[in-house]
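1. Need a 3D model of the sequence below.
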Amino acid sequence: MRSKGPVWCAKCYLRIAPYAPQTVYHKNTYHPNCLSKLVREEASQEKTVRLGARGTEAGRRKSA
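-> Residues are numbered from 1 along each chain as shown. Take a look at the predicted model:
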């Protein structure tokens, strides 16, 4: 059986050891800790965008 070669983490850019746990998310490979950080950052950004959109809608309602 042939190995597919070195695997690199898409978040921290460090090599993932062949027998270390790794996770594939959106066709990218990550260390488990890197993936949890990425998901947390994405959720935070989405929350900020949603709150920002709400704030502009509230401002329009008040001025109307």
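2. all helices of the protein, in order?
-> For the chain, the helices defined by DSSP state H occupy 32-63.
3. Give me the below-cutoff pLDDT ranges for it.
-> 1-3, 55-64 (pLDDT under 70).
4. any idea which residue sits dead centre in it?
-> A centroid search over the chain (C-alpha atoms, centre = their mean) returns Leu38, at 3.0 Å, as the residue closest to the centre.
5. so what's that residue closest to, chain neighbours aside?
-> The shortest distance from Leu38 to any non-neighbouring residue, by C-beta to C-beta, 6 or more residues apart in numbering, is to Lys11 (5.5 Å). For the C-beta atoms, the positions are set from N, CA and C on the backbone; glycine is no exception.
6. what does Ala20 give?
-> His31 (7.4 Å).
7. wouldn't the one you found be in contact with Lys11 here?
-> Yes - in this structure His31 lies within contact range of Lys11 using C-beta atoms under 8 Å: 7.4 Å.
8. Which residues are in contact with each of those two?
-> Residues touching both His31 and Lys11 by C-beta atoms under 8 Å, 6 or more residues apart in numbering: none at all.
9. before we move on, back to that, could you measure the residue nearest to Leu38 against Arg50, distance?
-> 24 Å (C-beta to C-beta, to the nearest Å).
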